[in-house]
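Student: compute the structure for the input listed below.
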Amino acid sequence: MAQTAKKNPVENIAAPVTQTRPNILIVDDRKENLLATEKVLKNLDAGIFKAMSGNEALSLMLRYRFAVVLLDVQMPEMDGFETAMLMQEHETMRGVPIIFVTAISKEEKYATQAAEIGAVDYIFKPINPEILKSKVKVYLDIYVQREQILKLNTVLRQSNEELERFAYICSHDMQEPVRMMNSYAQMLQEKYTAILDEKGGKYLDFITSNARHMQQMISDILNFSRVGREELKLEQIDCNQVVKEVLGEFENIIAQKKARIACDSLTTLKTSPTLVRVLFQNLIGNALKFQDGSKTPEVHIEAQRKEDTWQFCIRDNGIGIDPRFDNKVFTIFQRIHRREDYPGTGIGLSTCKKFIELCGGRIWFESTPGQGTAFFFTLPEGKRR
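Tutor: This next block holds a predicted model:
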């Protein structure tokens with residue numbers, strides 16, 4: 001049999017690697033078999049490459065990507081099994097479907113050997129053209145779908161990164177003008193309220209109220225856009241101390257609502273201080289906010305060790321969450337109450353979820369409308385003191 005190492009038998013060369021159109025590689029040491037198989041598959045929307053030896057097949061594999069390989073078992077120098085094993089060692093070919101085609105004994109041991117190598121099928125000559133064509137088409141379709149998904153994921157990831165950069169830049173640059181607007185509105189209130197009529201005072205209240213809301217929203221968007229963009233600084237954090245400081249921030253609200261706060265002994269974790277503070281600020285703040293005034297607000301904070309993680313729970317006796325809105329709770333800008341009833345930006349819980357997942361934890365909730373909500377989140381234990 002003449003060697004073809006210097007001769008490239010490839011015809012109908014397929015599209016470059018960057019395109020979605022799939023390629024088929026046919027490997028057989030007999031030219032008539034290559035031509036016959038190509039004739040069966042030529043109407044499929046794919047490029048067809050042909051190789052007359054294992055070495056030639058491996059050479060093509062280094063230059064092109066393939067959706068499926070049809071590989072003859074009996075070939076001189078390097079048989080199909082050895083060729084397949086060398087293919088699977090290469091990163092670009094790992095997982096590519098290999099269909100063995102053979103005229104040798106139909107003993108089960110050969111099919112078993114093919115399966116151990118990673119072959120998806122083992123068919124015998126003479127080949128039924130329609131069966132071969134239908135099997136190859138399945139793997140071509142899978143390849144195309146996978147490539148389309150990968151491209152969509154790439155586009156989506158790029159879009160998300162661009163949106164986050166845009167949010168970061170906008171929220172950062174808008175902080176100063178909004179702060180100035182808020183400051184001047186407050187100055188107007190302090191110095192000129194007395195000379196304004198009732199309608200003018202009401203308009204000024206609208207300005208200051210909306211300026212404060214915009215300032216809070218910009219701050220929340222900036223926090224959300226920072227998650228994942230900036231490296232997390234891990235420190236030994238005493239969660240008891242963080243909760244104490246957060247409760248101090250809510251001191252006026254707690255006193256005003258006469259809320260009862262219970263906090264079990266928590267733990268010390270090696271984690272991000274920003275992460276822990278954002279979590280407790282949002283979850284305790286929500287527990288105090290979402291109350292209807294019909295009963296004394298109660299908030300219970302606890303933590304339990306679960307294998308190599310800590311599971312925290314912030315439980316309240318507030319208004320609860322309607323099951324219809326379960327899928328909106330952690331979605332950014334999704335609100336389930338009117339801002340007039342319960343102020344907020346709809347960003348806090350999204351930031352919590354993004355932060356926690358970045359650290360390898362998860363967050364969820366259990367709720368009964370009218371009776372209250374329990375938010376749970378986990379954080380890796382880390383290295384404790």
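
Student: and the host helix or strand of Ser59, which residues are buried?
Tutor: For Ser59, the host element (DSSP states H and E) is helix 54-63. Across helix 54-63, burial judged by 16 or more other CB atoms under 10 Å covers Gly54, Asn55, Glu56, Ala57, Leu58, Leu60, Met61. Any C-beta I mention is one placed from the backbone N, CA and C, and that applies to glycine too.

Student: can you map out the helices along this structure?
Tutor: Assigned by DSSP state H, the helices in the chain fall at 31-41, 54-63, 80-89, 108-117, 129-192, 198-226, 239-249, 251-257, 273-289, 348-358.

Student: any idea how far Leu279 is from Gln241?
Tutor: For Leu279, the distance to Gln241 (CB to CB, to the nearest Å) stands at 14 Å.

Student: those two: who's more crowded?
Tutor: Legend: neighbour count by other CB atoms under 10 Å for Leu279 and Gln241, higher for Leu279 (27 against 12).

Student: doesn't Lys353 make contact with that one?
Tutor: No: counting by CB atoms under 8 Å, Lys353 is not a contact partner of Leu279; they are 10.1 Å apart.

Student: tell me the confidence at the residue in the chain sticking out farthest from the centre?
Tutor: Largest separation from the mean C-alpha position in the chain: Ile195, at 55.9 Å (CA atoms, centre = their mean). Reported pLDDT at Ile195 in the predicted model: 85.

Student: do you know how far it is from Met61?
Tutor: Plainly put, Ile195 is 84 Å away from Met61 if you go by CB to CB.

Student: low-scoring stretches of the stretch 101-250 of the chain, by residue?
Tutor: 104-112, 115-116, 118, 159-174, 213, 215-232 (pLDDT under 70).

Student: if we use 90, what do you get?
Tutor: By pLDDT under 90, the low-scoring segments of the stretch 101-250 of the chain are 101-135, 139, 141-237, 249.

Student: ok, the stretch 251-385 of the chain next?
Tutor: Filtered on pLDDT under 90, the stretch 251-385 of the chain yields the residue ranges 252, 268-279, 281-282, 292-293, 306-309, 321-361, 380-385.

Student: on that earlier part again, dump the buried residues of helix 54-63 into JSON lines; add pLDDT and distance to Gln113 as well.
Tutor: Formatted as JSON lines, these follow (pLDDT from 0 to 100; distance: CB to CB, whole Å):
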{"residue": "Gly54", "pLDDT": "86", "distance to Gln113": "16"}
{"residue": "Asn55", "pLDDT": "88", "distance to Gln113": "21"}
{"residue": "Glu56", "pLDDT": "90", "distance to Gln113": "23"}
{"residue": "Ala57", "pLDDT": "88", "distance to Gln113": "18"}
{"residue": "Leu58", "pLDDT": "88", "distance to Gln113": "19"}
{"residue": "Leu60", "pLDDT": "89", "distance to Gln113": "24"}
{"residue": "Met61", "pLDDT": "85", "distance to Gln113": "21"}
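
Student: can you redo the residues you listed as a markdown table with distance to Pro380?
Tutor: Shown next, in a markdown table, are the buried residues of helix 54-63 (distance: CB to CB, whole Å):
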| residue | distance to Pro380 |
| --- | --- |
| Gly54 | 48 |
| Asn55 | 49 |
| Glu56 | 50 |
| Ala57 | 46 |
| Leu58 | 44 |
| Leu60 | 46 |
| Met61 | 41 |
